[in-house]
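K.L.:
Quick one, fold the following:
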Amino acid sequence: MGSIFMQSSALTVSRCGIHGFHETLGIDQEEVNFFWILSSDDESATQSAYRVVVATEPFSFDALPAQTAIAWDSATVQSDKQRDVLCKPKDGFKSTCTYYWRISVWDVQGTASQSDLNQFFTAYPRSHLLPPYSMNQTYMPHTSLIFRTWFEDQENKWQAVWLGDGGDKPLYLRKSFHLTEKPMKAVAFASGLGHFNLRANGAPASNHVLDPGWTNYHRSVQFVGYDLTYHMVVGENVLAAHVGNGFYAGDQGDRFFWPMYEDNTYIRYGNELCFFVELHLFYADGTHDIVISDPSWSVRKSATSLANIYASENHDRRDYPYGWDAPGFDDSEWNLAKPLTGPRGQLRYQSQPPVTLHETFQPVKTHSPSPGTVCFDLGQNASTMIKIKVEGEAGSKVTIRYGETTYDDGRILMPDPLFKDFETSVYSTFILGNSDSLQTWEPDFSFTCARYIQVDGVSLQPGLGLPIIHSAVGQHVSTASHKLGSMRTDKADCNALIKACYWSYSSNLFSYHTDCPQIEKFGWLEVTHLLAHATQYIRDVEALYTKILQDILDTQEANGLVPTMAPEIRYMCGPLHDTISWGCALCFLPEILLRYYGSTQMIPKIYQPAIRYMEYMRKKERKGGLIEHGLGDWGRDIAFGNHQANIETAVYYQCLRNLEAFARIQHFDSDARRFKEWAERIYTVYNKHLLVTDDATKPYAYYTSLDEYPSRDQTAVSQAIALQFNLVPDEYRSDVTRAFLDSTSDGRIRSGEIGLRYLFNTLADTNRPDIVLEMCRQEEHPSYMRFLRRGETTLLEFWQDECRSKSHDMLGTIYEWFYAYVLGVKPTGIAYKTFDVSPPYASEFDEVEGSVECPYGNIEISFRRSGRERDIHIQITVPTSTVAKLKLPEGIWEADVERSGSWRRKMRGDSLELKQGIYGIAITK
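P.N.:
Numbers count the residues shown, from 1 in each chain. Predicted coordinates for the structure are as follows:
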């Protein structure tokens, strides 16, 4: 559609960032990729050029610093590019240095605008070594000449020491030091394994919990950056840490610990809890001091004596050293810390969003089923760190249990008989301290998923000789990734399903995508890539998925195999270890990062490992190119594997197509041709063995599985997989689509978790929302609404009424359908540079509204259908630098389009092209 010329108004740089990093206090690589977001009220305003400057001192484009302070200058680039702008200084970035950067942009009229001043702080970009004292201290002093080069270039190497007490129980560490003047900047780099809480002068160093992120500690160990500038004071200062087990040195105690279940396959990464820190202090005169962890630190055991990551902790408040993390505390009876060998993995900055606490759930019901027991219903199932407040005599023991299901009287129930240990052996104990005041307990190093809390050893009222419980709440714990989208419809049951999907997704996002947060806590890779397409509507997961790719690289085996989970906390065997529809995340996630965020930075890094994976898979081919050895459509009929040849071969094909695209991005033309030919061979073999064109009993061609070979079947999943992976020859697309619709016409879900996404997307492509909703609303399973009618507030692991886990998001691909085909927002260009808006004209919805904050700004949609003529009113906000294509209903309709504060005109056609702005659109016949 055209536009009326208006006087150009300058573009405004509204936000800037660095791809792949949530926080930027410790960047440890020698190149970064910038992005920025623009805004303008002018429909025609576009960026025509940009310039990015990075310097070691603050500046503006009106007064650039001396050349010696400029680390990198893009110069003026004639381009509308706003994402994936590579900054690679000739000599890399300096260590422990603040870098300042600004962007200047020009619109088509030549008007310049500049961003606010941004900054990031580096760690050690050129250091690939662990802290120096990670080597044996007995022989090291006598053989220092052997390691001469290892001691050189100290400004680019870690100086801190891994510390501990030599044991595997939680511990406190502290260091007192004095400052004669307040520093201008104070940045700490710290890590503690398994998890740690850093504190400075009696206060938390941040709002993080469960630092650092989970990794394969033999390959990677994350450190965390903290800005402690405002914590530092003149005089005595204290830096302190509380360290617990996590998965690094997992401690089962006498409780449930899933990696030890059945076959005891969990092997600790380390047997000593350890911690290190460097506190960098910068002063006005240019001096730079460092406080490091070394053997002068003090250490003692924690009042938390058990830190089992599976929501089991023991804490004795009588043993808590009040004030241990603050100045003025007497630690003369503490021991000196021991320097430790520490972990083997390379230190890497925690680039993904930290894990933090979010919403607090107050009980909607509280009752006591028997004396000494009080039960709480929080009303919402969610990943949580419980917090209770009690009052009673010192030495009183309180036991806290939590779960997703209860007996009729409100006590915690595990409905799966194979996991009764979870009912009886997952709990925390809190022993009250020497105080008559209200005492608070919450876990330090563990979490679970729970709607219900059961507290034993307490009472609601005095008179039973028991501590009084004043409150019990759930604190939702999840990734701190930026929240992007929300939506609602005029159908209450659909809104309930959307809400259940949200809490299922949010409860499984931490330092990786887990499934689930209660029983397993494992990083299964199929949910990571399958649910990414839905997750990107509601959370900015670019930095998280970038980190997950590093987890996958760390987990890849020498023969090229990518296991089904990363980090691989517990070894699984057979197809639970080797299935391409899980391992394909290595090839799928970089394409997802490119598609939704415009980021290419991980493609060179994963390219050779992805090739090795494909070479591994080539050895698994059968019948000339089929892959048939995996889990198939896991989750069908509880966990029955089927459709292996259809699903796994299609995924194999798509991996090869992605590698072809990655090769072209890097200008590896011969590689691209190789992968294209390889994929074409798989395409041919796929259709040779699975496409049926000679069945006289059917009026069309269709795809069969090989589940009961040589018998043929015609399933919706077989047709959907072929259609969605573009494996259907053009001459058979209409046939296969007919076969698909015939297979779904009864409105029943016949799919596991892998096929489910492709089932819904094919129903969307064939414009059949009625079938999708019929599937959701079935009275009997498989049925989403059956979950909700039974009172569930999250999604269950399998299509059954009672599951061991009630916060599995693996069946949640329906969430993508709601955003892409009901709210109707779907990207068509890289990072939403162009996107479609397809309102639900052909569905039962009369009202839908929501928003999605895409990489270029906020997209807002409001859809209303009303009146005897069923007139349609739509309001759309299109972000600056993007173009939306609004699809109109089929038939002859007229659109009255008004751009806010600009113009109004009548339009007809099958779609409207809308540039940036806010539009009100009335559609009538």
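
K.L.:
Surely Asn646 is within a helix?
P.N.:
Yes. Secondary structure of Asn646 (DSSP: H, G, I helix; E, B strand; the rest coil): part of a helix.

K.L.:
Can you get me a residue count around it?
P.N.:
32 (other C-beta atoms under 10 Å). Where you see a C-beta, it was placed from the backbone N, CA and C, and this is true even at glycine.

K.L.:
How about the contacts made by it?
P.N.:
Leu690, Tyr703, Ser705, Leu706, Val717, Ser718, Ile721, Ala722 (C-beta atoms under 8 Å, 6 or more residues apart in numbering).

K.L.:
Phi and psi next, for the fifth one.
P.N.:
With angles defined as degrees, to the nearest 10, Val717 shows backbone torsions of phi -60, psi -40.

K.L.:
ok, it touching Arg757?
P.N.:
No. The criterion here is C-beta atoms under 8 Å, and Val717 misses it with Arg757 at 10.6 Å.

K.L.:
More neighbours: those two, which one.
P.N.:
Comparing Val717 with Arg757 by other C-beta under 10 Å, the one with more neighbours is Val717, at 27 against 23.

K.L.:
I'd like to know how far the more buried one sits from Ile682.
P.N.:
19 Å (C-beta to C-beta, to the nearest Å).

K.L.:
How about Asp107?
P.N.:
47 Å.

K.L.:
Neighbour count: the two, which is higher?
P.N.:
Ile682 (24 against 21).

K.L.:
Tell me if I am right that the more buried one is in a helix.
P.N.:
Yes. Per three-state DSSP, Ile682 lies within a helix segment.

K.L.:
Let me see the contact set for it.
P.N.:
Per C-beta under 8 Å, 6+ apart, neighbours of Ile682: Gly625, Thr649, Tyr652, Tyr653, Leu656.

K.L.:
Among the residues you listed, which one has the most neighbours?
P.N.:
Thr649 leads the contacts of Ile682 on contacts (other C-beta under 10 Å) with 29 neighbours.

K.L.:
what comes up buried for the host helix or strand of that residue?
P.N.:
Assigned by DSSP states H and E, Thr649 belongs to helix 644-665. By neighbour count on 16 or more other C-beta atoms under 10 Å, the buried set for helix 644-665 is 644-663.

K.L.:
now stretch 596-615
P.N.:
In stretch 596-615, counting by 16+ other C-beta under 10 Å, buried: 596-603, 606-607, 609-614.

K.L.:
Surely Leu281 is in a strand?
P.N.:
Yes. Counting by three-state DSSP, Leu281 is part of a strand.

K.L.:
what's the pLDDT at it?
P.N.:
Note on Leu281: pLDDT of 98.

K.L.:
switch to numbering from 674
P.N.:
Done: numbering now begins at 674, and the last item shifts to Leu954.

K.L.:
Tell me what it is bridged to.
P.N.:
Applying DSSP bridges to Leu954 gives these bridge partners: Ala859, Asp962.

K.L.:
That one: how many residues sit nearby?
P.N.:
That count, for Leu954 with other C-beta under 10 Å as the rule, works out to 23.

K.L.:
my read: it touches Phe850, true?
P.N.:
No. Leu954 lies out of contact with Phe850 (C-beta under 8 Å); the separation is 9.7 Å.

K.L.:
Which neighbours do those two have in common?
P.N.:
In contact with both Leu954 and Phe850: Val964, using C-beta under 8 Å, 6+ apart.

K.L.:
So which of the buried residues of stretch 1269-1288 sit within helices?
P.N.:
Mapping those onto helices (DSSP state H) picks out Tyr1269, Tyr1270, Ile1276, Ile1279, Tyr1280, Pro1282, Ala1283, Ile1284, Arg1285, Tyr1286, Met1287.

K.L.:
And the strands in the stretch 774-923 of the chain?
P.N.:
785-787, 791-795, 836-837, 844-852, 858-866, 868-873, 876-877, 881-882, 893-900, 908-917 (DSSP state E, counting those that start in this stretch).

K.L.:
For stretch 989-999, give the mean pLDDT please.
P.N.:
Mean predicted confidence for stretch 989-999 is 97.

K.L.:
mind checking how far stretch 1151-1168 is from the chain centre?
P.N.:
Distance, stretch centre to chain centre, for stretch 1151-1168: 16 Å (C-alpha atoms, centre = their mean, to the nearest Å).

K.L.:
Pull out the buried residues from that stretch.
P.N.:
Ser1151, Thr1152, Ala1153, Ser1154, Leu1157, Gly1158, Ser1159, Met1160, Arg1161, Thr1162, Lys1164, Cys1167.

K.L.:
For the second one, give the beta-bridge partners.
P.N.:
With beta bridges defined as DSSP bridges, Thr1152 has these partners: Val1028.

K.L.:
That one and Glu1215 touch, don't they?
P.N.:
No. Assessed by C-beta under 8 Å, Thr1152 is found out of contact with Glu1215, at 11.9 Å.

K.L.:
Check whether Thr902 really touches Ala873, as I assumed.
P.N.:
No. Using C-beta under 8 Å, Thr902 is not in contact with Ala873; the gap is 10.3 Å.

K.L.:
And the two? Which one has more around it.
P.N.:
Neighbour totals were compared for Thr902 and Ala873, and Ala873 leads with 23 against 14 (other C-beta under 10 Å).

K.L.:
What is the neighbour count of the closest residue to that one other than its chain neighbours?
P.N.:
Leaving out its chain neighbours, the residue that sits closest to Ala873 by C-beta to C-beta, 6 or more residues apart in numbering is His904, at 4.0 Å. As a burial measure, His904 scores 20 neighbours (other C-beta under 10 Å).

K.L.:
His904 and Thr853: what is the separation?
P.N.:
17 Å.

K.L.:
ditto for Leu912
P.N.:
Taking C-beta to C-beta, one finds Leu912 at 17 Å from Thr853.

K.L.:
One more: Arg973?
P.N.:
29 Å.

K.L.:
Neighbour count for those two, which is higher?
P.N.:
Arg973 (18 against 7).

K.L.:
Flag every buried residue along the host helix or strand of the more buried one.
P.N.:
Using DSSP H and E, Arg973 maps to strand 971-974. Under the neighbour-count criterion of 16+ other C-beta under 10 Å, strand 971-974 has Ser971, Val972, Arg973 buried.

K.L.:
Show me what it is packed up against.
P.N.:
strand 844-852, strand 1008-1009 (3 or more C-beta pairs under 8 Å, 6 or more residues apart in numbering; DSSP states H and E).

K.L.:
partner strands of the last one, parallel or antiparallel?
P.N.:
When pairs are called by DSSP bridges, strand 1008-1009 turns out to pair with strand 971-974 (antiparallel).

K.L.:
List every C-alpha atom in the partner strand, with coordinates, as PDB.
P.N.:
Extracted C-alpha coordinates of strand 971-974, given in PDB (Å, rounded to 0.1, in the frame of the first residue of the first chain):
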ATOM      1  CA  SER A 971      38.400 -18.200  56.700                       C
ATOM      2  CA  VAL A 972      36.000 -21.200  56.400                       C
ATOM      3  CA  ARG A 973      33.600 -23.200  58.500                       C
ATOM      4  CA  LYS A 974      30.700 -25.600  57.900                       C
END
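
K.L.:
What strands flank the helix or strand following it, and is each parallel or antiparallel?
P.N.:
Downstream of strand 971-974, the first helix or strand assigned by DSSP H and E is strand 977-981. Within its sheet, and counting by DSSP bridges, strand 977-981 is paired with strand 985-989 (antiparallel).
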